[in-house]
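Enquirer: Provided below for reference: sequence and predicted model.
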Amino acid sequence: MSRIGNKVIAIPAGVEVTVADNNEIKVKGPKGELTRKFNEAISFEVEGAEITVARPNEEKFTKMIHGTSRALLNNMITGVSDGYTKELEIIGVGYRAAKQGTKLVLSAGYSHPVEFETPAGLTVEVPAQTQVVISGIDKQAVGEFAANVRKVRPPEPYKGKGIRYKGEHVRRKEGKKAK
């Protein structure tokens, strides 16, 4: 039984949701527009300012895809109305970030700077040399780009140096002097 799939999705003011044939859903809001094709087994009904997601049977696959489809649609609606943001902190001597045009350039202790081209639909801001703010309407794209930036130099457990999400707790180890 999917508890998530049975929840009704509320459509905020200023957001339009259209369900086309082949379960292709288009969500349009103040921040932009997203389109996604969902599985044929799931049905979507738009009733006023609410959307209900229903499944036709109780098979295992339909139960699994029911909650996933509802969560993805809810993320699309939240993205076009509010948007998503990931903030990264850079900790370490000489570690810094800079924005050059559409590129994010990281100096993370390597012999060369690491450059990232900003994907379409995302905005990257560098308010300080040790902060990076990634924002956009697609939750998956924002999270994936933030994870790729973090992967350049993940935080290490001894001194805590590296790139981490804002508010992320890094478990610290004692080191050799513990003996």
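Expert: Now that the structure is in, tell me what you want to look at.
Enquirer: I'd like to know how many residues surround Thr29.
Expert: Residue 29: Gly, not Thr. Counted with other C-beta atoms under 10 Å, the neighbours of Gly29 add up to 23. Heads up, the C-betas are built off the backbone N, CA and C, glycines and all.
Enquirer: got phi/psi on it?
Expert: The phi and psi values for Gly29, taken as degrees, to the nearest 10, are phi -150, psi -170.
Enquirer: that one and Ile77 touch, don't they?
Expert: Yes - at 7.5 Å, Gly29 counts as touching Ile77 under the criterion of C-beta atoms under 8 Å.
Enquirer: overlap in contacts of the two?
Expert: Counting by C-beta atoms under 8 Å, 6 or more residues apart in numbering, the common neighbours of Gly29 and Ile77 are 12, 15.
Enquirer: next one: stretch 124-139 to chain centre, how far?
Expert: Put simply, stretch 124-139 sits 12 Å off its chain's centre (C-alpha atoms, centre = their mean, to the nearest Å).
Enquirer: one more: stretch 78-91?
Expert: Put simply, stretch 78-91 sits 7 Å off its chain's centre (C-alpha atoms, centre = their mean).
Enquirer: pLDDT (mean, whole number) over that stretch?
Expert: The pLDDT scores in stretch 78-91 average 94.
Enquirer: quick check: buried residues in it?
Expert: 78-81, 83-84, 86-90 (16 or more other C-beta atoms under 10 Å).
Enquirer: do stretch 19-36 as well
Expert: Using 16+ other C-beta under 10 Å as the test for burial, stretch 19-36 gives 19, 23, 25, 27, 29, 31, 34.
Enquirer: pretty sure the first one sits against Glu47.
Expert: No - Val19 is not in contact with Glu47 according to C-beta under 8 Å; the separation is 11.5 Å.
Enquirer: now what about the longest helix along the chain, what contacts it?
Expert: The helix that spans the most residues within the chain, counting by DSSP state H, is helix 60-81. Here helix 60-81 makes contact (C-beta under 8 Å, 6+ apart) with 1-5, 7, 9, 11-12, 14-15, 17, 25, 27-34, 36, 38-39, 41-42, 44, 51, 53, 55-56, 84, 136-140.
Enquirer: go on, stretch 6-16?
Expert: With C-beta under 8 Å, 6+ apart, stretch 6-16 has contacts from 17, 27-30, 46, 49-53, 70, 73-74, 77, 80-81.
Enquirer: can you measure across that stretch, start residue to end residue?
Expert: Terminal residues of stretch 6-16 are spaced 21 Å apart (C-alpha to C-alpha, to the nearest Å).
Enquirer: list the buried ones in it?
Expert: So stretch 6-16, judged by 16+ other C-beta under 10 Å, has buried residues 9, 11, 15.
Enquirer: in strands only, show me those residues.
Expert: Ile9 (DSSP state E).
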